[in-house]
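A.B. asks: I'd like to go over a predicted model; first the sequence, then the structure.
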Amino acid sequence: MTSEQDDSTNLAKQASRRGDIGSSSEDDPGKRGSNLGWWVLAAAALGVALALMFGDSNALDATLGLGKTLFLAALKAIIAPLIFFSLLSGLLNLSGTARLSRLGGLTVSYYFVTTAIAVVIGLTVVLVIHPWTAWPPMDVPAIDPGRLISTSDGSLSTGLTGLMQAMLTNPFAALAETNLLGIVVTSVIIGLAALLTLPTDSPVIAFVHDAAKVTYKVAGWAVMLIPIGVVGIAYDLTLSADSTLLGQLLAFCAVVFGATAVHGLIVLPLVYFIATRSNPLPVMSAIASPMLVALTTSSSAATLPLSLITAREKLAIRPAVASFVLPLGATVNMDGTALFEGVAAVFLAYIFGIDLGLVGTLTVFLVAMLASIGAPGIPSGSMAGMQVVLLAVGIPLEAIGLLLLVERPLDTFRTSVNVEGDLFAAAFVEHRLRRDTDLV
Ligand code: ASP
């Protein structure tokens with residue numbers, strides 16, 4: 001075995017050896033996260049059991065709803081400052097624009113490659129398998145117009161304009177409105193300007209690092225609330241899945257699940273192996289907890305605090321890398337979402353008798369990728385972008401009514417793969433920069 005090959009096998013050992021990880025975790029969300037996976041699993045089982053035993057009960061709705069609100073409100077309160085200070089502090093650790101461009105280049109190209117593969121898998125699967133052609137087109141159920149949130153006309157230029165407007169916005173507005181894409185762009189621009197202008201001992205830089213530590217601490221408290229929120233989320237999910245799944249949609253769901261599983265279980269580990277020549281299995285087992293939390297919360301953003309803990313404590317990823325790659329990934333890297341949107345568009349085109357052809361298929365590919373970048377990491381965050389994909393290839397918006405019927409269960413798996421993609425990317429970047437011993 002070469003030193004590269006056993007690299008990832010040693011990640012966990014390195015994590016415990018590295019003094020800096022140990023000491024930084026005192027300010028971090030903490031080591032309390034280690035058993036969280038079990039708590040989340042127990043909470044999800046409890047939520048499902050309560051729904052099956054008592055059905056839709058007002059008392060349960062109110063009590064579990066309270067826990068869910070508590071968790072989601074705490075999360076909403078911390079996520080904007082967490083992403084802002086974490087990214088900024090990660091950037092300021094780089095001490096030099098050359099490093100920033102290396103770290104940024106590695107991260108963005110890895111994200112781009114894996115997302116592109118995800119969409120190609122999705123489209124290949126649907127074009128080859130075509131599981132739904134045996135059925136006649138369905139009646140589209142009535143939709144709740146309140147769920148339609150995109151006002152785009154579906155053209156590529158309108159889509160890009162929307163993306164640009166979300167990215168380049170007043171920084172204070174971005175923070176106040178939790179516009180995550182805006183926060184990411186703002187932090188990168190401010191970080192770059194600070195790297196170019198401030199001396200390394202500037203009090204502003206010290207303030208950013210301290211503020212990041214404080215937000216990590218608060219995020220750690222929010223992480224502790226995850227099991228409380230998960231009981232209510234699993235309860236709601238069980239009740240809604242029970243009544244809404246249509247038989248005809250099952251093949252569509254199976255294709256999405258299958259393609260997402262191929263991406264998560266084969267492609268992501270394989271890309272990591274090819275890119276690093278290291279065994280991906282230790283990474284897979286180390287990231288099981290955040291993947292489980294993503295599965296139960298359907299939110300990459302909600303999982304971010306735990307992803308940060310896991311990266312540092314279980315994968316020995318240095319703070320400078322983790323606090324750059326992960327917040328960026330939770331906002332822009334969504335392989336599962338891109339795959340879902342590609343498959344869904346092809347499925348709905350069939351249902352509506354629209355022949356996509358090569359140009360239509362490529363448009364779906366491109367717009368699904370862009371839409372996944374713009375999708376917020378929250379439950380059903382991709383629905384607005386989904387509408388843009390549909391409009392881009394001329395599929396009536398009513399079609400989204402079909403997706404909404406199966407949206408919740410599908411969201412769980414794609415979010416888990418979204419988070420997996422971020423953590424593999426962080427492990428890859430850490431591997432590539434491991435000789436850069438000045439990074440902290
Ligand atoms: N729930 C997904 C996430 O948080 C976004 C989506 O696809 O709706 O990553």
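C.D. replies: Looks like it came in fine.

A.B. asks: neighbours around the residue of the stretch 101-250 of the chain found nearest the ligand, how many?
C.D. replies: Proximity to the ligand, evaluated over the stretch 101-250 of the chain using Cβ to the nearest ligand atom, is greatest for L180 at 10.3 Å. The way it works is simple: take the backbone N, C-alpha and C, and place the C-beta from them, glycine included. Neighbourhood size, L180 [other Cβ atoms under 10 Å]: 27.

A.B. asks: So it is in contact with T331, correct?
C.D. replies: Yes: the pair L180 and T331 passes the contact test of Cβ atoms under 8 Å, sitting 4.5 Å apart.

A.B. asks: can you tell me which helix in the chain is longest?
C.D. replies: helix 58-92 (DSSP state H).

A.B. asks: helices and strands around the next helix-or-strand element following that helix, which ones?
C.D. replies: On the C-terminal side of helix 58-92, the closest following helix or strand by DSSP states H and E is helix 97-129. Contact partners of helix 97-129 among helices and strands, from 3 or more Cβ pairs under 8 Å, 6 or more residues apart in numbering; DSSP states H and E: helix 180-197, helix 250-261, helix 268-276, helix 319-332, helix 335-351, helix 357-374, helix 400-432.

A.B. asks: ok, the nearest residue to A349 once chain neighbours are set aside - contacts?
C.D. replies: Nearest residue to A349, sequence neighbours excluded (Cβ to Cβ, 6 or more residues apart in numbering): L356, at 5.0 Å. Residues counted as contacts of L356 (Cβ atoms under 8 Å, 6 or more residues apart in numbering) are A345, V346, A349, V364, V393.

A.B. asks: Touching, V40 and V293? I think so.
C.D. replies: Yes: V40 lies in contact with V293 (Cβ under 8 Å); the separation is 5.5 Å.

A.B. asks: where do the contact lists of those two overlap?
C.D. replies: I226, V230.

A.B. asks: Compare the two and say which is more crowded by neighbours.
C.D. replies: Shown here are V40 and V293; by other Cβ under 10 Å, V293 has more neighbours (32 against 24).

A.B. asks: immediately after the lowest-mean-pLDDT helix or strand in the chain, which helix or strand?
C.D. replies: When the helices and strands of the chain are scored by mean pLDDT, DSSP states H and E, helix 19-24 comes last with a mean of 32. Sequence order places helix 36-54 as the next helix or strand after helix 19-24, per DSSP H and E.

A.B. asks: Quick check: buried residues in that next one?
C.D. replies: Using 16 or more other Cβ atoms under 10 Å as the test for burial, helix 36-54 gives L36, G37, W39, V40, L41, A43, A44, L46, G47, V48, L50, A51.

A.B. asks: Spit out the residues that contact L180 and T331 alike.
C.D. replies: With Cβ under 8 Å, 6+ apart, L180 and T331 have common neighbours I83, A301, P376, G377.

A.B. asks: which one of those residues is nearest the ligand?
C.D. replies: For the shared contacts of L180 and T331, the closest approach to the ligand (Cβ to the nearest ligand atom) belongs to G377, at 3.7 Å.

A.B. asks: now the closest one, nearest residue through space, not along the chain?
C.D. replies: S300 (3.2 Å).

A.B. asks: I'd say the one you found and G421 touch.
C.D. replies: No: between S300 and G421 there is no contact under Cβ under 8 Å: 9.5 Å.

A.B. asks: Please say which of the two ends up with more neighbours.
C.D. replies: When neighbours are counted by other Cβ under 10 Å, S300 and G421 differ, and S300 comes out ahead with 31 against 27.

A.B. asks: Could you check how far the more buried one is from D411?
C.D. replies: 11 Å (Cβ to Cβ, to the nearest Å).

A.B. asks: swap in T297?
C.D. replies: For T297 relative to D411 (Cβ to Cβ), the value is 10 Å.

A.B. asks: overlap in contacts of those two?
C.D. replies: Joint contacts of T297 and D411 (Cβ under 8 Å, 6+ apart) are P379.
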